[in-house]
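**Student:** Only the shape, not the letters, is given here:
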């Protein structure tokens, strides 16, 4: 039951967070959030392993057990407090403390690759130009601009070049009407 309620809460959360995205996109993101890997990481960070009783001598996949335990906790919250209690727990506790949704989105949607593919199909010259890179108080900030056939398009900033390039590529694809 925990997996079903978790699926429903995550689906609703993503639908509200990304109202203009289509069903396919939301399903991909949801599957990443509720994947064995992600649930295992959440459970590990929450240190569920410290309260799970299991036979330590057996060859087991602890990450799978931890992910299952996390789902069971969500099922228990549902049985005890209902849908809204699970929703509140996920949105106000789990997403804030244990889920890096930006990382999941970055892994899922590689705008830079999409832009490269788009420009190659059209035989266009694509460049990512570093406009600035500065270190303020120990934190790097990069500003990147996309150039297509020597014409400036999208710009992006981020704490890494990769993040700035992704932002610039996304803005460029939006300007081109590709997303």
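**Tutor:** Here it is on my side, so go on. Source: prediction; values computed, not measured.
**Student:** Identify the residues contacting residue 167.
**Tutor:** 111, 144, 154, 155, 156, 157, 158 (Cβ atoms under 8 Å, 6 or more residues apart in numbering). C-beta coordinates here come from the backbone N, C-alpha and C atoms, glycine included.
**Student:** Can you tell me which of those residues is nearest residue 175?
**Tutor:** Closest approach between those and residue 175, by Cβ to Cβ: residue 154, at 6.0 Å.
**Student:** I'd assumed residue 16 was in contact with residue 87.
**Tutor:** No. Look at residue 87 against residue 16 with Cβ atoms under 8 Å: they stay out of range, at 10.4 Å.
**Student:** who's more crowded, these two?
**Tutor:** Neighbour totals were compared for residue 87 and residue 16, and residue 87 leads with 19 against 9 (other Cβ atoms under 10 Å).
**Student:** got the residue ranges for the helices in the chain?
**Tutor:** 2-17, 23-33, 36-45, 62-81, 83-89, 95-97, 101-108, 111-121, 161-175 (DSSP state H).
**Student:** What residue spans form the domains of this protein?
**Tutor:** 2-108, 111-175 (automatic domain parsing).
**Student:** still on that earlier bit, want to throw the helices of the chain into JSON lines with distance to residue 139?
**Tutor:** Below are the helices of the chain laid out as JSON lines (distance: least, Cβ to Cβ, whole Å):
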{"stretch": "helix 2-17", "distance to residue 139": "26"}
{"stretch": "helix 23-33", "distance to residue 139": "27"}
{"stretch": "helix 36-45", "distance to residue 139": "24"}
{"stretch": "helix 62-81", "distance to residue 139": "32"}
{"stretch": "helix 83-89", "distance to residue 139": "32"}
{"stretch": "helix 95-97", "distance to residue 139": "21"}
{"stretch": "helix 101-108", "distance to residue 139": "16"}
{"stretch": "helix 111-121", "distance to residue 139": "22"}
{"stretch": "helix 161-175", "distance to residue 139": "12"}
